[in-house]
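Student: need coordinates for the below:
(one chain, ligands or ions: 3)
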Amino acid sequence: MSSLLAPALADGVRLHADGLPGLVETNLEASQAWLAIGGRPALLYAYNNRVPGSALEARPGEILRINFKNSLPEDTNLHFHGLHVPPIGNADNAFLMIPPGESYTYEVSIPVNHPAGTFWIHPHIHGKTARQVSRGLALPLLIRGDLDQIPAIGRAPESVLVLQDFNLDASGYPVEPLGPALIQGREGSLITTNGLVNPSIPITAGGLVRLHLVNASSSRFYLLQMEHHPLIQIASSGGGLASSRSLDQLLLAPGERVQVIITGSLAAGSYRLLALPYAQTGMGMMGSRTVSGAPATVLATLIYEGHETSPVGMPGSLVPVTRLPAPARVRTFVLGQGMGRGMGASMTSFTINGLTFDPTRVDTSVRLGDVEDWEFINASMMDHPMHIHTNPFQIVNGNGDAENAWRDIVTVPASGRVKIRMQFLDYIGKTFYHCHILDHEDLGMMAVLAINS
Ligand code: C2O
Ligand code: CU
Ligand code: CU
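Tutor: Residues are numbered from 1 along each chain as shown. Ligands and ions are numbered 1, 2, ... in the order given. Now for the predicted structure:
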């Protein structure tokens with residue numbers, strides 16, 4: 001078993017010239033290569049020849065400059081998932097397409113007040129996103145800040161665990177799904193953590209480990225559980241929580257990230273980090289998503305080693321999370337599944353307010369500075385993890401109050417509805433909102449948001 005504890009950082013170079021913001025600069029090449037995945041050779045798409053790509057780190061106030069080269073046999077680009085940065089120019093501009101063989105310099109300024117958290121980079125080419133991500137293109141991006149300055153958390157040994165599934169034939173070639181598999185969203189039977197099957201996570205008795213979990217799978221949900229250890233959640237997809245919460249299970253939707261602390265409260269032994277059996281749609285199961293009798297998948301194993309340390313306490317409160325004020329406007333978005341003109345699965349489309357994606361249309365125009373509530377109404381038989389670029393949001397609960405946590409993905413259950421609240425701050429420009437089951441995005445469930453001054 002290989003051990004995972006040291007976070008592998010890319011060869012980013014950090015420069016702090018006098019009076020200038022820090023610059024984190026790195027070269028990044030996307031290419032197709034034969035690589036080992038889960039212990040077997042496979043023809044994958046990789047960043048700098050690694051699947052997943054090595055994590056990058058930046059701090060608020062810094063500029064992240066990526067000298068990107070596309071050596072893939074098709075167009076690609078980079079999306080900085082979850083970052084509150086400009087969606088235009090050479091920043092987080094998912095309208096860009098970098099043709100094969102070309103290079104492009106991305107430059108993303110991280111604002112000084114950006115929350116610390118676990119974000120990630122992936123391609124965003126409509127019609128090809130699921131295919132490119134499912135072949136391996138994913139790279140974690142850690143923004144360091146407030147959460148890292150809490151002593152118990154900042155001192156804890158940490159790992160970034162990137163969860164990916166692969167659908168490969170016997171020779172190691174990726175299999176493109178057809179028909180029903182596209183409607184459900186592609187899932188692969190080879191499930192890996194940082195490219196490995198069941199790596200180990202060392203922990204000392206009394207000590208802590210901090211895990212950044214990144215769901216970089218194109219469609220698979222992970223219902224996480226650590227045997228005999230609660231998952232102490234400290235961050236959601238938008239950054240640190242106001243206070244930690246101890247969970248027996250935690251559901252990670254496609255594209256979603258969380259940070260959890262595991263406390264070494266036992267003395268010895270090894271314990272499995274599991275993905276419990278989970279039915280994505282709940283179809284025919286009276287809405288239940290748990291599946292009894294099916295086997296769990298082992299994602300990694302926590303192993304006690306070394307000497308016992310004196311127990312480290314976890315702080316109760318973490319970082320300030322401001323609740324957004326009441327909205328200036330409420331909008332509704334109906335999520336649908338189109339039957340198409342024929343009976344074939346190739347005719348299936350996924351829609352928002354009855355429309356499939358058109359990059360030349362503006363679906364929603366908002367004003368910079370405004371607070372809005374968006375209600376997603378799911379009129380389909382499938383769950384849709386909805387994601388909005390550029391500004392994080394909060395879930396509005398039944399009392400109309402906004403919850404005390406920032407996110408960028410929320411799962412809208414089949415036939416259910418969810419209301420979220422966000423404020424369009426700092427940046428104007430056109431950007432996207434879409435389902436993060438990437439086959440649904442590719443089949444139309446994406447729309448254009450214009451933020452105007
Ligand atoms: Cu992670 Cu628009 O996506
Ligand atoms: Cu995104
Ligand atoms: Cu969907």
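Student: other SSEs contacting whichever helix or strand residue 386 is part of?
Tutor: Using DSSP states H and E, residue 386 maps to strand 384-388. Packing contacts for strand 384-388, counted by 3 or more C-beta pairs under 8 Å, 6 or more residues apart in numbering; DSSP states H and E, involve strand 371-378, strand 409-412, strand 417-423, strand 429-435. Just so you know, the C-beta spots here come from the backbone N, C-alpha and C atoms, and that holds for glycine as well.
Student: strand partners (parallel or antiparallel) of that strand?
Tutor: Here strand 384-388 is paired, per DSSP bridges, with strand 409-412 (antiparallel), strand 429-435 (antiparallel).
Student: of all the helices and strands packed on strand 384-388, which one is nearest ligand 2?
Tutor: Closest of these to ligand 2 is strand 429-435, at 7.4 Å (criterion: C-beta to the ion).
Student: hmm, that closest one touching ligand 2?
Tutor: No: judged by C-beta under 5 Å from the ion, strand 429-435 and ligand 2 are separated, with a smallest distance of 7.4 Å.
Student: and the gap between the residue of the chain found nearest ligand 2 and residue 338?
Tutor: Proximity to ligand 2, evaluated over the chain using C-beta to the ion, is greatest for residue 81 at 3.8 Å. Using C-beta to C-beta, to the nearest Å, residue 81 is found at 26 Å from residue 338.
Student: tell me which parts of the stretch 151-300 of the chain are close to ligand 1?
Tutor: Along the stretch 151-300 of the chain, the residues adjacent to ligand 1 under the rule C-beta under 6 Å from any ligand atom are residue 255.
Student: which residues of the stretch 151-300 of the chain lie near ligand 2?
Tutor: Proximity of the stretch 151-300 of the chain to ligand 2, by C-beta under 5 Å from the ion, involves no residues.
Student: circling back: the strands paired with strand 384-388 into a markdown table, with extra columns for mean pLDDT and mean neighbour count?
Tutor: Converted to a markdown table, the strands paired with strand 384-388 look like this (pLDDT from 0 to 100; neighbours: other C-beta atoms under 10 Å):
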| stretch | mean pLDDT | mean neighbour count |
| --- | --- | --- |
| strand 409-412 | 97 | 22 |
| strand 429-435 | 98 | 23 |
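Student: domains for this protein, by residue range?
Tutor: Annotated domains of the chain cover 13-145, 151-307, 329-452 [automatic domain parsing].
Student: out of those domains, which gets nearest to ligand 3?
Tutor: domain 329-452 (3.2 Å).
Student: quick one: end-to-end length of the closest one, please.
Tutor: 15 Å (C-alpha to C-alpha, to the nearest Å).
Student: quick one: is it near ligand 1?
Tutor: Yes: Domain 329-452 lies within reach of ligand 1 by C-beta under 6 Å from any ligand atom, at 387, 389, 432, 434, 436.
Student: wait, the third one touches residue 449, no?
Tutor: This points to residue 432. Yes: using C-beta atoms under 8 Å, residue 432 is in contact with residue 449, at 6.7 Å.
Student: identify the contacts common to those two.
Tutor: 388-389 (C-beta atoms under 8 Å, 6 or more residues apart in numbering).
Student: buried residues, stretch 259-277. List them.
Tutor: For stretch 259-277, the neighbour count (16 or more other C-beta atoms under 10 Å) marks 259-264, 271-276 as buried.
Student: so which of residue 81 and residue 338 has more stuff around it?
Tutor: More crowded of residue 81 and residue 338, by other C-beta atoms under 10 Å: residue 81, with 25 against 17.
Student: what residues are up against the more buried one?
Tutor: Residue 81 neighbours (C-beta under 8 Å, 6+ apart): 119-122, 255, 387, 408.
Student: again with residue 264
Tutor: Here residue 264 is in contact with 203-209, 304, 309 (criterion: C-beta under 8 Å, 6+ apart).
Student: for this structure, which segments count as helices?
Tutor: For the chain, applying DSSP state H gives helices covering 129-134, 151-154, 180-184, 438-442.
Student: quick check, pLDDT for residue 402.
Tutor: pLDDT, residue 402: 78.
Student: around it, how many other residues sit close by?
Tutor: Burial of residue 402 is recorded as 24 neighbouring residues (other C-beta under 10 Å).
Student: show me what contacts it?
Tutor: Neighbour list for residue 402: 323-324, 394-396, 421 [criterion: C-beta under 8 Å, 6+ apart].
Student: please redo it, this time with the cut-off set to 7 Å
Tutor: Listed by C-beta atoms under 7 Å, 6 or more residues apart in numbering, the contact set of residue 402 reads 323-324, 394, 396, 421.
Student: redo the domains of the chain as JSON lines? Include distance to residue 313.
Tutor: Formatted as JSON lines, the domains of the chain follow (distance: least, C-beta to C-beta, whole Å):
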{"stretch": "domain 13-145", "distance to residue 313": "21"}
{"stretch": "domain 151-307", "distance to residue 313": "7"}
{"stretch": "domain 329-452", "distance to residue 313": "22"}
